[in-house]
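Enquirer: can't give you the sequence, but here's the structure:
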């Protein structure tokens with residue numbers, strides 16, 4: 001069991017990936033509007049939803065998850081943390097989002113999507129890591145349907161996919177507005193990107209860079225922030 005900021009706990013389903021920097025960095029990166037109504041696309045066991053509920057007591061999060069076991073784990077995490085009035089999980093394919101929600105129903109979307117494109121080599125990976133049922137195009141179309149005009153999608157992904165993500169998002173009416181490059185070490189390569197994409201926005205991108213460790217290998221202030229470590 002993982003202990004999260006805000007006193008929440010996360011129980012993972014069997015075979016699920018442990019809580020990683022990806023989700024913690026994404027939750028930190030997200031800027032929630034007032035009284036946010038958030039849709040988590042590919043929500044798994046509910047980790048990101050729990051992190052956002054801890055971040056903002058006024059937000060409400062709906063998770064959409066294809067895997068039944070992960071969905072059941074999410075329901076249990078919601079119950080255990082006393083969040084039944086603020087969090088929910090729906091077991092459904094995000095490609096059916098138009099049948100689940102009204103257009104423009106949400107003021108924010110978040111996603112920690114699969115990083116690896118489908119293909120014979122990727123079949124050995126768990127479904128949560130493959131794009132078979134959640135390609136970037138699928139993700140952007142779902143977010144564009146669910147978001148109200150001027151609302152944001154926040155996602156984390158691999159740096160080598162950056163150009164593709166920005167181009168495909170733009171075609172779906174989601175314009176990249178903020179990009180954070182995340183390095184494991186200050187002097188190392190970019191390991192993750194965090195993107196904020198706005199429905200119906202004009203072009204104009206803010207570029208940020210962060211590192212988890214400094215050149216000497218010590219945790220940075222950013223690392224302490226995303227892991228909610230007290231400054232010493």
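Expert: Happy to help now that I have it. The shown structure was predicted, so the numbers you read here are calculated from the model rather than taken from an experiment. Numbering: from 1, shown residues only.
Enquirer: all strands of this protein, in order?
Expert: Per DSSP state E, the chain carries strands over the ranges 2-3, 9-10, 37-41, 60-65, 87-91, 106-111, 147-157, 174-185, 190-199, 206-213.
Enquirer: Mean pLDDT, mean neighbour count and distance to residue 78 for the ones you listed - can I get that in a markdown table?
Expert: For the C-beta atoms, the positions are set from N, CA and C on the backbone; glycine is no exception. Below are the strands of the chain laid out as a markdown table (pLDDT from 0 to 100; neighbours: other C-beta atoms under 10 Å; distance: least, C-beta to C-beta, whole Å):
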| stretch | mean pLDDT | mean neighbour count | distance to residue 78 |
| --- | --- | --- | --- |
| strand 2-3 | 88 | 12 | 15 |
| strand 9-10 | 95 | 18 | 11 |
| strand 37-41 | 98 | 24 | 12 |
| strand 60-65 | 97 | 24 | 9 |
| strand 87-91 | 98 | 20 | 5 |
| strand 106-111 | 98 | 26 | 16 |
| strand 147-157 | 98 | 21 | 21 |
| strand 174-185 | 98 | 19 | 28 |
| strand 190-199 | 98 | 21 | 25 |
| strand 206-213 | 98 | 15 | 30 |
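Enquirer: and residue 97, which of these is closest to it?
Expert: Each of the strands of the chain has some distance to residue 97 by C-beta to C-beta; the shortest is strand 60-65, at 7.0 Å.
Enquirer: what comes into contact with that closest one?
Expert: Residues from elsewhere that reach strand 60-65 (C-beta atoms under 8 Å, 6 or more residues apart in numbering): 36-44, 46, 48-49, 52-53, 71, 74, 85-92, 94, 97, 100, 106, 142.
Enquirer: Same list (the strands of the chain) but as JSON lines, adding distance to residue 163.
Expert: Converted to JSON lines, the strands of the chain look like this (distance: least, C-beta to C-beta, whole Å):
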{"stretch": "strand 2-3", "distance to residue 163": "34"}
{"stretch": "strand 9-10", "distance to residue 163": "33"}
{"stretch": "strand 37-41", "distance to residue 163": "21"}
{"stretch": "strand 60-65", "distance to residue 163": "27"}
{"stretch": "strand 87-91", "distance to residue 163": "32"}
{"stretch": "strand 106-111", "distance to residue 163": "18"}
{"stretch": "strand 147-157", "distance to residue 163": "11"}
{"stretch": "strand 174-185", "distance to residue 163": "10"}
{"stretch": "strand 190-199", "distance to residue 163": "11"}
{"stretch": "strand 206-213", "distance to residue 163": "14"}
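Enquirer: Residue 27 is nearest to which of the ones you listed?
Expert: Ranking the strands of the chain by proximity to residue 27 (C-beta to C-beta) places strand 106-111 first, at 8.2 Å.
Enquirer: Run through the neighbouring helices and strands of that closest one.
Expert: strand 37-41, helix 136-146, strand 147-157 (3 or more C-beta pairs under 8 Å, 6 or more residues apart in numbering; DSSP states H and E).
Enquirer: Same list (these) but as a markdown table, adding distance to residue 27.
Expert: Formatted as a markdown table, the helices and strands packed on strand 106-111 follow (distance: least, C-beta to C-beta, whole Å):
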| stretch | distance to residue 27 |
| --- | --- |
| strand 37-41 | 11 |
| helix 136-146 | 17 |
| strand 147-157 | 9 |
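Enquirer: Tell me which of those approaches residue 24 most closely.
Expert: Across the helices and strands packed on strand 106-111, closest to residue 24 is strand 147-157 (C-beta to C-beta), at 9.9 Å.
Enquirer: Can you list the strands that the closest one pairs with?
Expert: Its sheet considered, strand 147-157 pairs with strand 106-111 (parallel), strand 190-199 (antiparallel) by DSSP bridges.
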